[in-house]
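*Asks:* next input, structure requested:
(2 chains)
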There are 2 protein chains.
Amino acid sequence: MNTHPAAAAIQVSDIGSFHIGGQMTTLAGMAPRSRVSTAQGAVHPVDPNGEVIVGQMYVQYVRLAAARSPHPLLLWHGGGMSGVNWETTPDGRPGWQMFFLRAGFDVYVSDAVERGRASWAPYPDVYPEAPYFRTAREAWEETFRFGPPGSWHAETASRRPHDRLRFDVAKMETFMNQFVPRWSTNDALTQHAYDALIGRVPDSIVLTHSQGGNFGLRAALHAPERVKAVISLEPSGAPDPATSDPRVLRGLPHLFVWGDYLDRHPFWIESVPKVRRWHEALAAAGVDTQWIDLPARGIAGNSHALMADDNSDDIAGLVLEWMRGHRLIG
Amino acid sequence: MNTHPAAAAIQVSDIGSFHIGGQMTTLAGMAPRSRVSTAQGAVHPVDPNGEVIVGQMYVQYVRLAAARSPHPLLLWHGGGMSGVNWETTPDGRPGWQMFFLRAGFDVYVSDAVERGRASWAPYPDVYPEAPYFRTAREAWEETFRFGPPGSWHAETASRRPHDRLRFDVAKMETFMNQFVPRWSTNDALTQHAYDALIGRVPDSIVLTHSQGGNFGLRAALHAPERVKAVISLEPSGAPDPATSDPRVLRGLPHLFVWGDYLDRHPFWIESVPKVRRWHEALAAAGVDTQWIDLPARGIAGNSHALMADDNSDDIAGLVLEWMRGHRLIG
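*Replies:* Residues are numbered from 1 along each chain as shown, chains lettered A, B, ... in the order given. This is a model prediction of the structure:
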């Protein structure tokens, strides 16, 4: 009746979700309040003190009736974002979740601790400080590299994106809908939850973006026997070879993928060399690691939002090719 | 290779998402800060002032290759919760999202404004007050009716659930993972976003839980020609017949479903009659409306978490039977 003539429907055996990594915590000493729970509903007293769960991560999975890879693909988002990053692109095309389902992977999309459906905990009662809300200017000029410093303007017509930019800036507001608050104090809780996820879903491929990168690289260090590959899209950080030994990662292939304009943004000018150092330490230790610089391959114009740029399917295709080369899918 | 021998795989044409209802807002007058974005990453200054999106809702859809109903099913969660409510139950069974996909509906699961993947806005800068975090005691004794007042205890062995309770209290902590903060000041933003969703997805069936109920009943009043049915699981509020005219709803069938122990909890003792008044006004106005009291049908022991209780499939089955009776699915 309501037929969607999609190029490739997928046979799905199960869609579901779970939380992982949280624990019961007791809130105490908070003042009583009262509230209305629904329009014209009853006013009732609220005691904010009591047990809540803190530190949980949310994971949603889509499992295929007949996956073509034995390796579940875990998609880990970046800072100030949620798993929504991997869904429909801001310009309305299927995202990487759908791409890799169609390619034959069971796909697990998570919302890290404090983000999206993972929920968050009260501050300053549990988290020590207030969160950060990403502004349009910060996204445009700093993290996502849509335009050079000074090029953001609230008025659409006045915005100046980078030449050849592959992110559709007419969809900036649509993209901004995906931003969620972040804290800078939850790294340990978040790593704990990601490590627990690796413990629950064996033989997985970890594919990360941005802040997720550091968590993915460390999760692999923590349980190298359980991870089959680590793919990092523009990680904003990496382990330090001075304190982490990459030799345990022999046999665990790594891929790094980088877009354009990295040399024009202070945050990236400072961040990339730290990641490069880890890549070089991996290589020196005999780990199979590859560093893809897209502009060096003739692919210009990619922002930090590689999975949302207009060639997102091409980038996913490069990643899939690398996976095939490493026999991660038949 | 990785075959899941599920009873019924589904043919999915598309999984995706969008946000709706938000608008650009400018934050001003907030003090500069600085932060580290990733472990061992760069410290950089943060200007919290600038444009952000406020008031957006998140909607995730799963569309079937060949739906058996022309009516998309919209699942709207309750207060302090997100769309996760409709996914895997706390005791690990497929939830209502999967049930109604298998039944043949395209299913749209939303996270209301301020919840989950919808993100939220800073307070007191945008929202006037701090949010409420649901405690275990409040969930157990008040809203979800797992046990009578006074029966919650942090120690598992000391908890006393209601006799015959159908919610698996061994999974209380698993359920608590789903709780997200809520505000009591965002009803207008939330209704606006739900109304926009009705405007975007025509001919839909709205199926709500708890706080979602009032939003669903009002969305139907606001656009009766676009909604095909309203199904309310234990709505915590409803329009007031003194100020809303139910006659516009003729031809739009309504269903209300209620669990057990409602007469033992002050919040519900106060809330149910307000909803009953709307049901009766609907009936008096000639609207096709049905009020299902599960205990009166011999189905005892349901908590407020009807979609998470151990007979959740049976309740979904009752709803599906009602849909079939109203020719909403072939």
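
*Asks:* which residues touch the nearest residue to residue A:151 once chain neighbours are set aside?
*Replies:* Among residues not flanking residue A:151 along the chain, residue A:160 sits closest, at 4.0 Å (CB to CB, 6 or more residues apart in numbering or on different chains). Where C-beta positions appear, they are placed from N, C-alpha and C, glycine not excepted. Taking CB atoms under 8 Å, 6 or more residues apart in numbering or on different chains as the criterion, residue A:160 is in contact with A:147, A:148, A:151, A:153.

*Asks:* out of the residues you listed, which end up buried?
*Replies:* Neighbour counting with 16 or more other CB atoms under 10 Å in any protein chain shown marks A:147, A:148 as buried within the contacts of residue A:160.

*Asks:* hmm, back to that, the residue nearest to residue A:151: which element?
*Replies:* For residue A:160, there is no host helix or strand (DSSP states H and E).

*Asks:* roughly how far apart are it and chain B?
*Replies:* 16 Å (CB to the nearest CB, to the nearest Å).

*Asks:* what does the pLDDT read for that residue?
*Replies:* We note a pLDDT of 97 for residue A:160 in this prediction.

*Asks:* repeat that for residue A:310.
*Replies:* On the pLDDT scale, residue A:310 gets 98.

*Asks:* all strands of chain A, in order?
*Replies:* In chain A, the strands defined using DSSP state E lie at A:2-3, A:10-20, A:23-27, A:33-36, A:43-46, A:50-54, A:57-64, A:66-67, A:73-76, A:107-111, A:204-209, A:227-233, A:254-258, A:289-293.

*Asks:* what are the pairing partners of the fourth one, and which direction each?
*Replies:* Based on DSSP bridges, the strands next to strand A:33-36 in the sheet, each with its direction, are strand A:43-46 (antiparallel).

*Asks:* which outside residues touch the partner strand?
*Replies:* Against strand A:43-46 from outside (CB under 8 Å, 6+ apart): A:32, A:33, A:34, A:35, A:36, A:37, B:132, B:138, B:142, B:266, B:267, B:270.

*Asks:* tell me which of those is nearest to residue A:314?
*Replies:* Using CB to CB, residue B:132 is the member of those that lies nearest residue A:314, at 45.6 Å.

*Asks:* residue contacts, the residue nearest to residue A:110 when sequence neighbours are not counted?
*Replies:* With sequence-adjacent residues excluded and distances taken as CB to CB, 6+ apart, residue A:110 is closest to residue A:59, at 4.6 Å. By CB under 8 Å, 6+ apart, the contact set of residue A:59 is A:17, A:18, A:19, A:20, A:108, A:109, A:110, A:111, A:197.

*Asks:* so can I have TSV of these showing distance to residue B:240 and pLDDT?
*Replies:* Formatted as TSV, the contacts of residue A:59 follow (distance: CB to CB, whole Å; pLDDT from 0 to 100):
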residue	distance to residue B:240	pLDDT
A:17	36	98
A:18	40	98
A:19	37	98
A:20	43	98
A:108	45	99
A:109	41	99
A:110	42	98
A:111	37	98
A:197	47	98
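
*Asks:* now the residues you listed in TSV, with neighbour count?
*Replies:* Output for those, formatted as TSV (neighbours: other CB atoms under 10 Å in any protein chain shown):
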residue	neighbour count
A:17	22
A:18	20
A:19	27
A:20	22
A:108	24
A:109	26
A:110	28
A:111	29
A:197	22
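
*Asks:* does the residue nearest to residue A:110 have beta-bridge partners, and which?
*Replies:* Beta-bridge partners recorded for residue A:59 (DSSP bridges): residue A:18, residue A:110.

*Asks:* neighbours of residue A:150, just the number please.
*Replies:* Using other CB atoms under 10 Å in any protein chain shown, residue A:150 has 9 other residues around it.

*Asks:* state the distance from it to chain B.
*Replies:* Taken as CB to the nearest CB, the span from residue A:150 to chain B is 13 Å.

*Asks:* now do residue A:266
*Replies:* 7 Å.

*Asks:* again, but for residue A:148
*Replies:* From residue A:148 to chain B the distance is 17 Å (CB to the nearest CB).

*Asks:* need the contact list for the residue nearest the centre of chain A.
*Replies:* Using CA atoms, centre = their mean, the residue of chain A that lies closest to the mean C-alpha position is residue A:77, 0.9 Å off. Going by CB under 8 Å, 6+ apart, residue A:77 touches A:83, A:84, A:85, A:86, A:110, A:111, A:112, A:115, A:209, A:210, A:212.

*Asks:* any idea how far it lies from residue A:98?
*Replies:* To residue A:98, residue A:77 is 16 Å away according to CB to CB, to the nearest Å.

*Asks:* against residue B:177, how distant is residue A:16?
*Replies:* Distance from residue A:16 to residue B:177, by CB to CB: 14 Å.

*Asks:* neighbour-wise, which of these two wins?
*Replies:* Between residue A:16 and residue B:177, counting by other CB under 10 Å, residue B:177 is the more crowded of the two (24 against 18).

*Asks:* quick check, residue A:86 in contact with residue A:95.
*Replies:* Yes: Residue A:86 lies in contact with residue A:95 (CB atoms under 8 Å); the separation is 5.2 Å.

*Asks:* overlap in contacts of the two?
*Replies:* The contact sets of residue A:86 and residue A:95 overlap at residue A:307 (CB under 8 Å, 6+ apart).

*Asks:* so what's the nearest residue to residue A:73 once chain neighbours are set aside up against?
*Replies:* In this structure, residue A:73 finds its nearest non-sequential neighbour in residue A:105, 4.1 Å apart by CB to CB, 6+ apart. Residues near residue A:105 by CB under 8 Å, 6+ apart: A:64, A:67, A:68, A:69, A:71, A:72, A:73, A:205, A:329.

*Asks:* let me know the closest of those to chain B.
*Replies:* residue A:67 (4.0 Å; CB to the nearest CB).
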